[in-house]
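> The amino acid sequence is not available; the structure is as follows:
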């Protein structure tokens, strides 16, 4: 058992990590409707939660390659998407951001371009043109650094079925800024 480098001195278990990610998904992503496509896959239990024990980029890359292959081979009815959570590596956002190029190269290496894509979540996520404290950053802030593996055809279908899908990002930023820091903190009070 290890201790959580991002969330204090409590012992960190896979179950605790997954519980925190589910709570974030339910309260923030679904609860604030940051991703209108998340509710259905959550309700159908089609999200695979994987906690990487990697402590370096090489170990995380191995886990990523494995999970990309597993998702590509799986039936979408069983696993629609994967959250590869890596609490012990890439806690620094700039290092994490640099790793996203490696993640994209892994998709290409496995000849999965156009099949799978990698989205990003991080506790210190910051858009390039935003201040660190800008509430818009919270649309991509998760409890732990996470690589979100998505099926491109599912993304395409969801976007096609959702009116004004290209406006989701802007609507999220507006909603989060309106919510403000106190509203965000209130989401996590028991």
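That came through, no problem. Small disclaimer: the values here were computed from a predicted structure and weren't measured.
> residue boundaries of the helices in the protein?
Under the criterion DSSP state H, helices of the chain are mapped to 14-24, 38-43, 57-73, 93-109, 152-161, 168-187.
> Could you tell me which residues within the second one count as buried?
Neighbour counts over helix 38-43 (16 or more other C-beta atoms under 10 Å) mark 38, 41-42 as buried. The way it works is simple: take the backbone N, C-alpha and C, and place the C-beta from them, glycine included.
> Name the residues that touch it?
Residues external to helix 38-43 that are found in contact with it (C-beta atoms under 8 Å, 6 or more residues apart in numbering): 25-26, 29-30, 47, 80-81.
> among these, which two are most distant?
Largest separation among these by C-beta to C-beta: 26 and 80, giving 16.6 Å.
> More neighbours: which of those two?
The residue with more neighbours, out of residue 26 and residue 80, is residue 80; 21 against 14, by other C-beta atoms under 10 Å.
> Contacts only, for the more buried one.
By C-beta under 8 Å, 6+ apart, residue 80 lies in contact with 41, 44, 46-47, 151, 154.
> Tabulate these (JSON lines), appending distance to residue 96 and pLDDT.
As requested, these are exported to JSON lines (distance: C-beta to C-beta, whole Å; pLDDT from 0 to 100):
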{"residue": "41", "distance to residue 96": "24", "pLDDT": "95"}
{"residue": "44", "distance to residue 96": "29", "pLDDT": "96"}
{"residue": "46", "distance to residue 96": "26", "pLDDT": "97"}
{"residue": "47", "distance to residue 96": "21", "pLDDT": "98"}
{"residue": "151", "distance to residue 96": "23", "pLDDT": "97"}
{"residue": "154", "distance to residue 96": "24", "pLDDT": "89"}
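> Which pLDDT value goes with residue 7?
pLDDT for residue 7: 51.
> What's the local residue count around residue 36?
Using other C-beta under 10 Å, residue 36 has 15 neighbouring residues.
> which residues touch the residue lying closest to it once chain neighbours are set aside?
Once flanking residues are discounted, residue 36 sits nearest to residue 162: 5.9 Å by C-beta to C-beta, 6 or more residues apart in numbering. The neighbours of residue 162, taking C-beta under 8 Å, 6+ apart as the test, are 36-37, 168.
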